[in-house]
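1. heads up, no residue letters with this:
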Ligand SMILES: NC(=O)C1=CN([C@@H]2O[C@H](COP(=O)(O)OP(=O)(O)OC[C@H]3O[C@@H](n4cnc5c(N)ncnc54)[C@H](OP(=O)(O)O)[C@@H]3O)[C@@H](O)[C@H]2O)C=CC1
Ligand SMILES: O=C[C@H](O)[C@@H](O)[C@@H](O)[C@H](O)C(=O)O
């Protein structure tokens with residue numbers, strides 16, 4: 001099967017593997033389970049891994065990368081593309097360089113490939129339980145936060161910087177002062193949450209989109225079977241001798257985005273990589289574009305129904321309007 005093809009990272013001349021492995025398991029799993037899944041993924045041809053400080057998967061991922069290099073499964077660190085994310089409790093100018101250094105230590109790496117601001121908000125206290133009290137959620141001081149993200153890249157701690165869960169409006173503001181423009185916006189993107197406006201905006205501005213929950217996060221608290229159980233997608237899959245998950249991932253790939261499906265199952269992780277030697281017809285794409293829009297994960301479901309989060313959500317929802 002081989003490794004996934006690379007897709008361009010905006011107009012930077014750099015690239016990102018079209019498929020990566022998501023590493024959030026829900027319910028959470030122990031480190032050994034994550035290590036075993038990552039090792040299996042490396043053997044299957046995955047080179048792009050998505051993690052975050054908040055997931056608790058940086059450490060087992062780092063240990064497995066080290067193991068794969070020492071076993072000679074992968075020749076050099078440069079063959080990997082590792083994304084990790086700045087958690088909201090560290091989203092302040094003077095905490096960011098130490099936060100990335102903490103992630104580098106967890107990952108046993110001396111650079112990250114893509115460092116993202118996880119969410120467009122700051123938390124003033126560690127998240128010990130959810131929902132989080134309203135007073136703990138603050139807006140980001142994006143100008144000073146981005147300056148520190150740029151510093152991370154200038155120091156060589158990361159090759160690229162970007163954001164996650166940012167709206168067109170937030171991106172436009174960021175672009176108005178950024179010395180280094182964001183290379184990536186990682187957002188929910190799948191046949192049921194097509195992000196038409198955001199995709200057009202990002203294309204125009206040279207910002208690459210990475211799709212999270214590309215399979216609708218089936219089986220997790222924030223997802224459901226709207227994709228894997230969708231009749232329209234099932235019919236397309238049957239006609240092509242593929243699975244519904246593969247049709248969904250192929251659709252994402254045909255939008256120019258990379259995707260980071262999570263599977264810790266050997267057969268399904270292989271299946272998710274096997275989307276590159278066939279394509280959707282115009283009619284099939286048209287059918288997908290008619291599916292009703294429904295977002296999976298929301299900020300209020302994680303942090304609580306606070307007004308500030310409802311405002312962010314309303315802004316994000318506009319970006320997926322047809
Ligand atoms: N930036 C952000 O705010 C967010 C980022 N993410 C990132 O994106 C990654 C992926 O998104 P996620 O929300 O996990 O959801 P996905 O859409 O990737 O769905 C994952 C679920 O689908 C199942 N699955 C995987 N492959 C198949 C298949 N071929 N057929 C049927 N079921 C399948 C998995 O189970 P199994 O393992 O048993 O195969 C798992 O339960 C995360 O792991 C994380 O790294 C996710 C949410 C938010
Ligand atoms: O603790 C909170 C969680 O990390 C949550 O914010 C993330 O898991 C998010 O849904 C994601 O997967 O990126």
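-> Great, that's in hand. On a predicted model such as this, the values are computed, not experimentally measured, just so you know. Numbers count the residues shown, from 1 in each chain. Ligands and ions are numbered 1, 2, ... in the order given.
2. Give me every residue in the stretch 1-150 of the chain lying close to ligand 1.
-> For the stretch 1-150 of the chain, the residues in contact with ligand 1 (Cβ under 6 Å from any ligand atom) are 22, 23, 24, 50. C-betas here are computed from N, CA, C, even on glycine.
3. Which members of those are the farthest-apart pair?
-> 24 and 50 (8.4 Å; Cβ to Cβ).
4. okay, the two: which has more neighbours?
-> More crowded of residue 24 and residue 50, by other Cβ atoms under 10 Å: residue 50, with 28 against 21.
5. Enumerate every residue touching that one.
-> For residue 50, the contacting residues are 20, 21, 22, 23, 83, 186, 210, 212, 260, by Cβ atoms under 8 Å, 6 or more residues apart in numbering.
6. Reformat those as TSV; add neighbour count and secondary structure.
-> Below are the contacts of residue 50 laid out as TSV (neighbours: other Cβ atoms under 10 Å; DSSP: H, G, I helix; E, B strand; the rest coil):
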residue	neighbour count	secondary structure
20	27	coil
21	25	strand
22	24	strand
23	25	coil
83	27	strand
186	26	strand
210	27	strand
212	22	strand
260	25	coil
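7. Quick check: beta-bridge partners of the residue in the chain that ligand 1 sits nearest to?
-> Among all residues of the chain, residue 22 sits closest to ligand 1, at 2.3 Å; criterion: Cβ to the nearest ligand atom. Going by DSSP bridges, residue 22 is paired in beta bridges with residue 50.
8. What of residue 158?
-> residue 112.
9. these two touch, right, the residue of the chain closest to ligand 1 and residue 264?
-> No. Assessed by Cβ atoms under 8 Å, residue 22 is found out of contact with residue 264, at 9.7 Å.
10. Now do the strands for the stretch 101-250 of the chain: every range, in order, please.
-> When secondary structure is read from DSSP state E, counting those that start in this stretch, the stretch 101-250 of the chain shows strands at 112-117, 122-123, 137-138, 158-164, 184-188, 208-212.
11. when you scan the fourth one, is anything in it near ligand 2?
-> No. Between strand 158-164 and ligand 2, judged by Cβ under 6 Å from any ligand atom, nothing touches; the nearest distance is 7.2 Å.
12. Report all helices and strands that that strand contacts.
-> Judged by 3 or more Cβ pairs under 8 Å, 6 or more residues apart in numbering; DSSP states H and E, strand 158-164 is in contact with strand 112-117, helix 142-154, helix 168-177, strand 184-188.
13. and that strand, does that touch ligand 1?
-> Yes. Interface with ligand 1: strand 158-164 contributes residue 164 (Cβ under 6 Å from any ligand atom).
14. what would the residues of the stretch 1-150 of the chain next to ligand 1 look like in JSON lines with distance to residue 200?
-> Formatted as JSON lines, these follow (distance: Cβ to Cβ, whole Å):
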{"residue": "22", "distance to residue 200": "25"}
{"residue": "23", "distance to residue 200": "30"}
{"residue": "24", "distance to residue 200": "28"}
{"residue": "50", "distance to residue 200": "24"}
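15. Export the strands of the stretch 101-250 of the chain to JSON lines and append columns for mean pLDDT.
-> What follows is those, written out as JSON lines (pLDDT from 0 to 100):
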{"stretch": "strand 112-117", "mean pLDDT": "98"}
{"stretch": "strand 122-123", "mean pLDDT": "97"}
{"stretch": "strand 137-138", "mean pLDDT": "96"}
{"stretch": "strand 158-164", "mean pLDDT": "98"}
{"stretch": "strand 184-188", "mean pLDDT": "98"}
{"stretch": "strand 208-212", "mean pLDDT": "98"}
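16. can you pull the contacts of the residue nearest to residue 246 when sequence neighbours are not counted?
-> Setting aside the residues directly before and after it, residue 246 is nearest to residue 275 in space (Cβ to Cβ, 6 or more residues apart in numbering), at 5.3 Å. Contacts here follow Cβ under 8 Å, 6+ apart; on that basis residue 275 touches 19, 242, 246, 249, 250, 253.
17. Give me the phi and psi for residue 275.
-> With angles defined as degrees, to the nearest 10, residue 275 shows backbone torsions of phi -130, psi 10.
18. Contact residues of the stretch 151-300 of the chain facing ligand 1?
-> Neighbours of ligand 1 within the stretch 151-300 of the chain, by Cβ under 6 Å from any ligand atom: 164-165, 186, 212-220, 223, 228, 243, 245, 260-265, 268, 271-272, 297.
19. Find the residue ranges of the stretch 201-322 of the chain scoring beneath the pLDDT cut-off.
-> Of all residues in the stretch 201-322 of the chain, those with pLDDT under 70 make up the ranges 322.
20. all helices in it, in order from the N-terminus.
-> Secondary structure of the stretch 201-322 of the chain, counting by DSSP state H, counting those that start in this stretch: helices at 231-240, 244-254, 266-273, 282-289, 299-303, 307-318.
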